[in-house]
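> generate a structure from the sequence data that follows.
(chains A and B)
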Amino acid sequence: MVRVDGNGKTNSQIQVRGLDKTYRRGGEEIDVLQGLNLDVDKGDFVAFMGPSGSGKTTLLNLLGGLDVPTRGSVTVAGDEITHMSSRKLTEWRARHVGFIFQMYNLIPVLTAFQNVELPLLLTSLSKSERRKHVESALSIVGLAERMNHYPRQLSGGQEQRVAIARAIVADPTFLLCDEPTGDLDRKSADEIMDLISRLVKEYGKTVLMVTHDPVVAKRADLTLHLEKGVLVEGRELPVPAGGAA
Amino acid sequence: MKFRGLIFANLFRKKLRLTLTIGSFAVALFLFAFLAVVRGAFNRGADIAGADRLVTINRVSIIQPLPLAYRDKMLRIPGVKYVTHDNWFGGVYQDEKNFFPQFAIDVENQRQVFNELKVPEDQWQDFVKDRQGAIAGAKTAARFHWKIGDRIPIKTSLYGGASNNWEFNLRGIYHSDRVGGDESQFWFQWDYFEEQVPQSFKGNVGWYTVKLDSPDYAVSVQKAIDAMAANSSFETKTETESEFAASWVKQFGNIKFLILTIGTVVFFTLLLVTGNTMAISVRERIGELAVLKAIGFSDRWVLFFVLAESLTIALVGGLLGLGLALVAVPALGAALNGLLPTLILSPQVLLSGLTIALLVGLVSGILPGIGAMRLRVVNALRRV
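Residues are numbered from 1 along each chain as shown, chains lettered A, B, ... in the order given. Below is the predicted model of the structure:
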């Protein structure tokens, strides 16, 4: 169960306590996150919304160990990551986090297969084992037939599917999605959201997603809003007719 | 290596740029090998010179003669084992471009002094018996397709006389038992030379080569020879064979400095070119490097990928350049028509070339690599 009051279970998969993030810009200190609390259990699907500059991506970066907080702690599956060294944090990311970006961020000179294989290169899996995992991940996203295509030979939706396959191939603890449909048309966005929902329902993945799109946010189990540096639960936002992705 | 696919995919990202960068390495390494070969050719005389040999020339210049009478006086100096003498003939075979060094040699002592130049005994005996006999170095014989028994006309304008056209019978072919030894000379008997030259040249030799009992006598014998000729009409200058070869090279200018300067400029330019290329290449894919770091590739891996690319370019370019040099050096030797005795692209030169190429590759990749290593994922992703 997702909680934002700091009173969640001690065994929550993701536990955030008193998270502060302050940026210094031109001599001025900007408090983006102020004492943020969050508890997420395994298999939860949470959407974060909020106006631009509210700190959604900052929160995602802190949860994914890409940035360090000014104060507070982030604990994932029992690992307190806020005090890890950069090297440890990199290793931790490889094991626990699957990233899905708005712009897909595939390596253009690698095929879909090679892009998905990247996280596995850091493991001790043999070539044949890696192949099995990659084929399985690409099958889940419905692109097994296109594994030898380069990103430029795929549509935006297909590129994002490859990126999702890359995110899940090493079976991470949770997925962090930063505007995963932000660059897609409605139809492709729906397909991507269907896929992410399937990962939650069928494969029990924990998904934390940042989005501006209320239609997309509605696909999550819970939508949290970032307001004045803290998360607020349960605000209903109007869904625009025809909804833009 | 499981990262091979990633490294090669990145290398071939911009094929034209890759080709040009590899080409820069190839040209630089070709030039390096070429300069090293030329330098080696100039220095070879000094490198392979006998430590127990001295060369005595006329103090004024090597083109001024010395009297034959000095030979017996030299032989009386303690530490002197053998003395031989040569005269420069300066002729051409058939055509001006067919240059090779010809010497009138002292048949009696030649082999004792230059014992690294080997002639089969039967050929030597045939040579000794034939007043017009000649012995050619294996390289020169091969160059003109000479075989033993051939009649070889040599034209010279140095000695005037009744005829400028001298004729010799090839009686033997010599080989050097030292790597890089000079096999381009042409020898004939000094007695025949003495017989043919006009009166004004008779009784003189071009220079002496002295074989010592031991290299330890070098300084004392050197001093004794020059003291013997002091205040005479034919004062001498005696040096070790190595010093003599080195001062001979100096006549062409400071070859070593010239070659070092050219080499340094070439490699410095190469460093700037490849450094810039690698910096651009890394800058172009900051986002991709950030993604790699985000999904778990450590800073060291990122540095490794950048260095692997720059080192691969250096290795391929280096091998290409040195390979081209291996093919071109024999052609160059042929084109120079024996102007430089031996052009050798030694394994040491190849190894040094490859080491320098890899060093340039390393240095040009290290700064962009460290930049990529220090990249903050959050900042880099924001730029994508």
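
> phi, psi of the nearest residue to residue B:319 once chain neighbours are set aside?
What sits nearest to residue B:319 in space, not counting adjacent residues and going by Cβ to Cβ, 6 or more residues apart in numbering or on different chains, is residue B:354, at 7.3 Å. Where C-beta positions appear, they are placed from N, C-alpha and C, glycine not excepted. Backbone torsions for residue B:354, taken as degrees, to the nearest 10, come to phi -70, psi -40.

> list the contacts for residue B:354?
Contact analysis of residue B:354 by Cβ atoms under 8 Å, 6 or more residues apart in numbering or on different chains lists B:315, B:318-319, B:322.

> list the contacts for residue 229?
Since you didn't name a chain, this refers to chain A. A:20, A:31-36, A:55 are the contacts of residue A:229 under Cβ under 8 Å, 6+ apart.

> my question was about chain B
Neighbours of residue B:229 in contact, by Cβ under 8 Å, 6+ apart: B:59, B:66, B:70, B:235-236.

> please identify the buried residues of whatever helix or strand residue B:283 lives in?
Assessed by DSSP states H and E, residue B:283 sits inside helix B:255-284. Across helix B:255-284, burial judged by 16 or more other Cβ atoms under 10 Å in any protein chain shown covers B:255, B:259, B:263, B:266-267, B:270-271, B:273-275, B:277-279, B:281-282.

> out of the residues you listed, which one sits closest to chain A?
residue B:281 (11.8 Å; Cβ to the nearest Cβ).

> quick check: the residue of chain B nearest chain A.
Counting by Cβ to the nearest Cβ, chain B gets nearest chain A through residue B:296, at 2.5 Å.

> burial of that residue, as a residue count?
For residue B:296, the neighbour count with other Cβ atoms under 10 Å in any protein chain shown is 24.

> which residue lies nearest the spatial centre of chain A?
With distances taken as Cα atoms, centre = their mean, the residue of chain A nearest its centroid is residue A:176 (0.9 Å).

> save the contacts of residue B:229 as CSV, and put in distance to residue A:9 too.
Formatted as CSV, the contacts of residue B:229 follow (distance: Cβ to Cβ, whole Å):
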residue, distance to residue A:9
B:59, 104
B:66, 108
B:70, 110
B:235, 107
B:236, 105
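
> in strands, which of the residues you listed fall?
Assignment to strands by DSSP state E places the following of the contacts of residue B:229 there: B:66, B:236.

> check the contacts of residue B:229 and tell me the two furthest apart.
Maximum pairwise distance among these (Cβ to Cβ): 12.5 Å, between B:59 and B:70.

> who has more neighbours out of the two?
When residue B:59 is set against residue B:70 and neighbours are counted by other Cβ under 10 Å, the residue ahead is residue B:70, at 20 against 16.

> would you confirm that that one contacts residue B:228?
Yes - contact criterion Cβ atoms under 8 Å: residue B:70 and residue B:228 qualify, at 7.5 Å.

> mutual contacts of these two, please.
With Cβ under 8 Å, 6+ apart, residue B:70 and residue B:228 have common neighbours residue B:236.

> can you name the next helix or strand after the lengthiest helix in chain A?
For chain A, the longest helix by residue count, based on DSSP state H, is helix A:186-203. Downstream of helix A:186-203, the next assigned helix or strand under DSSP H and E is strand A:206-210.

> and that following strand, what does it pack onto?
strand A:45-49, helix A:56-63, strand A:174-178, helix A:186-203 (3 or more Cβ pairs under 8 Å, 6 or more residues apart in numbering or on different chains; DSSP states H and E).

> let's see that with 6 Å instead.
The helices and strands touching strand A:206-210, judged by 3 or more Cβ pairs under 6 Å, 6 or more residues apart in numbering or on different chains; DSSP states H and E, are strand A:45-49, strand A:174-178.

> between that strand and strand A:45-49, how big is the angle?
10 degrees (axes from the mean of the first three to the mean of the last three Cα atoms, to 10 degrees).
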